[in-house]
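J.: quick one, what's the 3D model for this:
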Amino acid sequence: MEYMRVTNENLEKEHICCAISNNKDVQVASKKAWLADRFPEGLVFLKSVERGKCFIEYLPAEMAWVPIKADGYMYIDCLWVSGSFKGHGYSTDLLDACIQDSKEKGKEGLCILGAAKKKPFLADPKFLKHKGFRVSDEAENGIQLWYLPFNEGADKPQFKECARHPHVEEKGYVLYYTSQCPFNAKYVPIVAQTARASGVPFHAIHLSSREEAQNAPTPVTNYALFHDGVYLTNEQMNDKKFLKLIGK
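T.: Below you'll find the model as predicted:
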């Protein structure tokens, strides 16, 4: 497999793997705008030259849009290999490239979100264990922070206190989300409209800055849905999934 790095120089013409290729689509526009702002902060987006979901996205942990304390580490936003790309070792290729790049940049190690059992849109714990990752911290809702230190003297990454006990005071359905995932640009408004049509209280909170994301009441900021204060899921919803969730 041949890989390429997406940068601000080629961003407009390149397919970004996890959304449709039409640049006029709101999902693509949202994701590419988010990437364009992150590249100067050290974000790396490495993908297969072929179209499909085969890529890794990572950046210095200090710049990550999650509430963690991991100075000197590289944080992996997403490692996604699916469809016909599965089973060929491409996840290992992409992770190895990230490790090499991070070591060359003098990083202490890597960290990534996961869970004891595989959750949608989070790293597979079996793969992480196989690659030498360990759990360094765990929030009350079962979301874990995994890390791969490059030397045993490295400090363990940790969740910030705001993320350890995910909870919100507001009643009804409350969604925290960022523009990192392109699907949010399309489906968050759809779910909000579905909730209004169903007479269900719903409040979407768009985390539009790194500071907001790093101080959010949830370890997962890309998509975190609460109900009556209790954390429910990090799985993106469309109208059908949301209606099923609320029993309609």
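
J.: contacts and neighbour counts: CA atoms only from here.
T.: OK.

J.: and the residue nearest in space to the middle of the chain, how far from residue 66?
T.: Among the residues of the chain, the one closest to the centroid is residue 77, at 4.5 Å (Cα atoms, centre = their mean). Distance, residue 77 to residue 66, by Cα to Cα, to the nearest Å: 9 Å.

J.: before we move on, what about residue 173?
T.: 21 Å.

J.: who has more neighbours out of the two?
T.: The neighbour count for residue 173 versus residue 66, taken as other Cα atoms under 10 Å, is higher for residue 66 (26 against 21).

J.: show me what contacts the more buried one?
T.: Residue 66 is in contact with 210, 213, 214, 215, 216, 219, 220, 221, counting by Cα atoms under 8 Å, 6 or more residues apart in numbering.

J.: SS state for it?
T.: coil (DSSP: H, G, I helix; E, B strand; the rest coil).

J.: burial count for residue 37?
T.: 12.

J.: secondary structure element for it?
T.: helix 26-38 (DSSP states H and E).

J.: report the backbone C-alpha coordinates of that helix in CSV.
T.: Only the C-alpha atoms of helix 26-38 are listed here, as CSV (Å, rounded to 0.1, in the frame of the first residue of the first chain):
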residue,chain,number,x,y,z
VAL,A,26,-21.3,20.3,4.2
GLN,A,27,-19.6,17.3,5.8
VAL,A,28,-16.5,17.6,3.6
ALA,A,29,-16.3,21.4,4.0
SER,A,30,-16.6,21.2,7.8
LYS,A,31,-13.9,18.5,8.2
LYS,A,32,-11.5,20.2,5.8
ALA,A,33,-12.0,23.6,7.5
TRP,A,34,-11.2,21.9,10.8
LEU,A,35,-8.1,20.2,9.4
ALA,A,36,-6.8,23.4,7.8
ASP,A,37,-6.8,25.1,11.2
ARG,A,38,-5.1,22.1,12.9
